[in-house]
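>>> Next input, structure requested:
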Amino acid sequence: MKAARWHNQKDIRIEDIEEPKVAPGKVKIQIKWCGICGSDLHEYLGGPIFIPVGEPHPLTHEVAPVTIGHEFSGEIVEVGEGVNNFKIGDRVTVEPIFATHGHQGAYNLDKNMGFLGLAGGGGGFSEYVSVDEELVFKLPEHVSFEQGALVEPSAVALYAVRSSKIKAGDKAAVFGCGPIGLLVIEALKAAGVSPIYAVELSPERQAKAEELGAIVVDPSKVDDTVAEIARLTDGGVDVAFEVTGVPVVLRQAIQSTGIGGETVIVSIWEKGAEILPNDIVIKERTVKGIIGYRNVFPAVLSLMEQGYFSADKLVTKKIALDDLVEEGFGALIKEKSQVKILVEPKHS
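Below is the predicted model:
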């Protein structure tokens, strides 16, 4: 079967590899759609970050090259011995976190945690994948395969909001309106947060944020982004979400919160960022980070049934697996109008 394999930084190849076999406790899934994640782009441009190189991953026992892609949906085509909750023909999505003791406790913080599609175990940029039953969730009847490929990034957004101190009626700012930033806006709406300010330079992404109900602050049109948010909110937002991975933006996010405000770092970083501790100390602000998610897939699927996290609003391009590097990663690098690109394997 065809699969996209990460060999090195800026070296992803579409290769023919052996089709996975189903094993006891596993299901084999024919991939329908897989989204390109910001983490995939980071691995392409600046990796390895999560991909095991040199030393095999402790849970998958794999080392690069590995098949990538972890935001995907598909249909079960084979069921392994001992699998009781799924059958052939089920429409599903996958929570791609590996942890030492499975999905128990704070499994996203496990020291050996890895992602299917980054740490090994197969990936969504392929025709088929075989995964543990524990990782699989059925799609509700009215949730499409395209929508199913958005469950994983939506889980990041919902977990970020749930992990913050935000409450209904609080004010929030989202710095960066790429896919995760826009999904954070959706999760904030679901939590009853209003107003929501979206800090973004791209006119196309600004339009998406406005469509989702956010108030746009364009840094290119104001003298001081932090001062503008302070003016609009009479002192600052309750919680800011940093979703860019850009050093100067992290400091702006911290400064945009009011007394006792909180900044949640959602992005993955390729390099360090300088902050001024007094920005935190003098106003007794807090800064926290989140990694991935835990125990939120059912809630995401429920919200999708209610109309949140819409593929129609967030997917800007669909491509074939053969075009992943040029039309996928290339487009995300060059075209700021792109939000979420979905990839469809050509099944042989």
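
>>> check contacts around Phe329.
Counting by CB atoms under 8 Å, 6 or more residues apart in numbering, Phe329 touches Ile12, Ile36, Asp40, Leu41, Tyr44. (Glycine included, C-beta is placed from N, CA and C.)

>>> is it true that it lies in a strand?
No - secondary structure of Phe329 (DSSP: H, G, I helix; E, B strand; the rest coil): helix, not part of a strand.

>>> Distance of it relative to Pro24?
36 Å (CB to CB, to the nearest Å).

>>> cool, Ala3 as well?
23 Å.

>>> Repeat that for Glu134.
Glu134 is 13 Å from Pro24, by CB to CB.

>>> what touches both of the two?
By CB under 8 Å, 6+ apart, no residue touches both Glu134 and Pro24.

>>> So between the two, which is more surrounded?
The neighbour count for Glu134 versus Pro24, taken as other CB atoms under 10 Å, is higher for Glu134 (13 against 9).

>>> Can I take it that the more buried one is in a strand?
No - under three-state DSSP, Glu134 falls outside any strand and is assigned helix.

>>> show me the residues around it that make contact.
Gly102, His103.

>>> List the buried residues in stretch 64-80.
Buried residues in stretch 64-80, counted by 16 or more other CB atoms under 10 Å: 64-76, 78-80.

>>> Those residues in helices, which ones?
Of the positions in those, not one sits in helices, assigned by DSSP state H.

>>> Tell me which two in the residues you listed are the farthest apart.
Ala64 and Val79 (30.3 Å; CB to CB).

>>> Parallel or antiparallel, which strands does the helix or strand where Leu342 lies pair with?
If you go by DSSP states H and E, Leu342 is part of strand 340-344. Here strand 340-344 is paired, per DSSP bridges, with strand 26-35 (antiparallel), strand 315-320 (parallel).

>>> what about it, average pLDDT?
In this model, strand 340-344 has a mean pLDDT of 96.

>>> What residues does the residue positioned nearest the centre of the chain make contact with?
Nearest residue to the geometric centre of the chain (CA atoms, centre = their mean): Pro153, 3.2 Å. Going by CB under 8 Å, 6+ apart, Pro153 touches Gly35, Cys37, Glu71, Pro179, Ile180, Leu183, Lys340.

>>> What segments of this protein are helices?
38-46, 145-148, 151-163, 179-190, 203-211, 225-233, 247-255, 277-281, 297-305, 311-314, 330-334.

>>> Can you name every helix or strand that the fifth one contacts?
It stands for helix 203-211. If contacts are counted by 3 or more CB pairs under 8 Å, 6 or more residues apart in numbering; DSSP states H and E, helix 203-211 sits against helix 179-190, strand 196-199, strand 215-217, helix 311-314.

>>> chain center to the third one, what's the gap?
Per CA atoms, centre = their mean, to the nearest Å, the displacement of strand 215-217 from the mean C-alpha position of its chain is 22 Å.

>>> which other residues reach that strand?
For strand 215-217, the external contacting residues (CB under 8 Å, 6+ apart) are 173, 195-200, 206, 209-210, 225, 228-229, 232.

>>> per-residue confidence at Ser348?
Model confidence at Ser348 (pLDDT) stands at 57.

>>> cool, Ile185 as well?
The model reports Ile185 with a pLDDT of 98.

>>> Kindly report the same for the one 3 residues further on.
As summarised for this prediction, Leu188 has a pLDDT of 98.

>>> residues touching it, list them.
Applying CB under 8 Å, 6+ apart to Leu188 gives the contacts Val161, Ile166, Ala172, Val174, Ile196.

>>> Now render the residues you listed as CSV, adding pLDDT, neighbour count and distance to Ala187.
Below are the contacts of Leu188 laid out as CSV (pLDDT from 0 to 100; neighbours: other CB atoms under 10 Å; distance: CB to CB, whole Å):
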residue, pLDDT, neighbour count, distance to Ala187
Val161, 98, 25, 4
Ile166, 98, 23, 10
Ala172, 98, 28, 10
Val174, 98, 34, 10
Ile196, 98, 22, 10
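
>>> wait, which of the residues you listed is closest to Ile265?
After measuring the contacts of Leu188 against Ile265 - CB to CB - the closest member comes out as Val174, at 12.4 Å.

>>> From Ala311, how far out is that closest one?
20 Å.

>>> Kindly report the same for Glu262.
With CB to CB as the criterion, Glu262 and Ala311 are 30 Å apart.

>>> what does Val325 give?
Applying CB to CB to Val325 and Ala311 gives a distance of 23 Å.
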